[in-house]
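Engineer: Here is a sequence with its predicted model. Questions after.
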Amino acid sequence: MYKIMASISAFIRIFMLPNPFGEMEFGFFINIIVGEPLFHALAFGIVGIVYSRGDAPALGSLMYLITYWGLVVVVQGIVA
C-alpha cells in the first residue's frame with residue numbers, strides 16, 4: 001500500500017501542484033533550488049512531530065503530501 005501511496009504522492013507533487021514561484025522571473029529555478037528542498041524539509045519535520053517512522057508508512061506518505069500541499073498553498077498566497 002505504501003508504494004502506491006508514495007507513487008500517487010510523487011505524481012501529485014510533481015505534476016499537479018502549482019509552482020508558487022512561477023510568476024517570478026526565474027521562478028522555475030528558484031523552485032528547484034530553494035523551494036523543493038525547503039518544502040521537503042519543512043513537511044518532513046512537521047509530519048515527524050505526529051508520526052513515528054515505520055508505524056503506518058502509507059499514512060505517513062499521505063500526511064507528507066497533505067503537509068507539502070499546505071506549504072505550497074501558503075507560500076503561493078504570500079508570493080502572489
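Structural biologist: The structure has been received and is ready for your questions.

Engineer: end-to-end on stretch 13-28?
Structural biologist: 14 Å (C-alpha to C-alpha, to the nearest Å).

Engineer: can you give me the helices for the protein?
Structural biologist: 2-11, 27-30, 36-50, 57-79 (DSSP state H).

Engineer: Now tabulate the ones you listed in TSV and tack on distance to P20, mean neighbour count and mean pLDDT.
Structural biologist: Just so you know, the C-beta spots here come from the backbone N, C-alpha and C atoms, and that holds for glycine as well. TSV is the format used below for these (distance: least, C-beta to C-beta, whole Å; neighbours: other C-beta atoms under 10 Å; pLDDT from 0 to 100):
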stretch	distance to P20	mean neighbour count	mean pLDDT
helix 2-11	18	13	91
helix 27-30	8	14	87
helix 36-50	9	14	94
helix 57-79	4	16	91
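
Engineer: Tell me which of those helices sits nearest to N19.
Structural biologist: Ranking these by proximity to N19 (C-beta to C-beta) places helix 27-30 first, at 6.0 Å.

Engineer: Can you name the residues in contact with the closest one?
Structural biologist: N19, F21, G22, M24 (C-beta atoms under 8 Å, 6 or more residues apart in numbering).

Engineer: What is the burial count for the nearest residue in space to V75 that is not next to it in sequence?
Structural biologist: Nearest non-adjacent residue to V75, counting by C-beta to C-beta, 6 or more residues apart in numbering: P20, 4.3 Å away. P20: 22 surrounding residues under other C-beta atoms under 10 Å.

Engineer: can you pull the contacts of P20?
Structural biologist: P20 touches N31, G35, V72, V75, Q76, V79, A80, counting by C-beta under 8 Å, 6+ apart.
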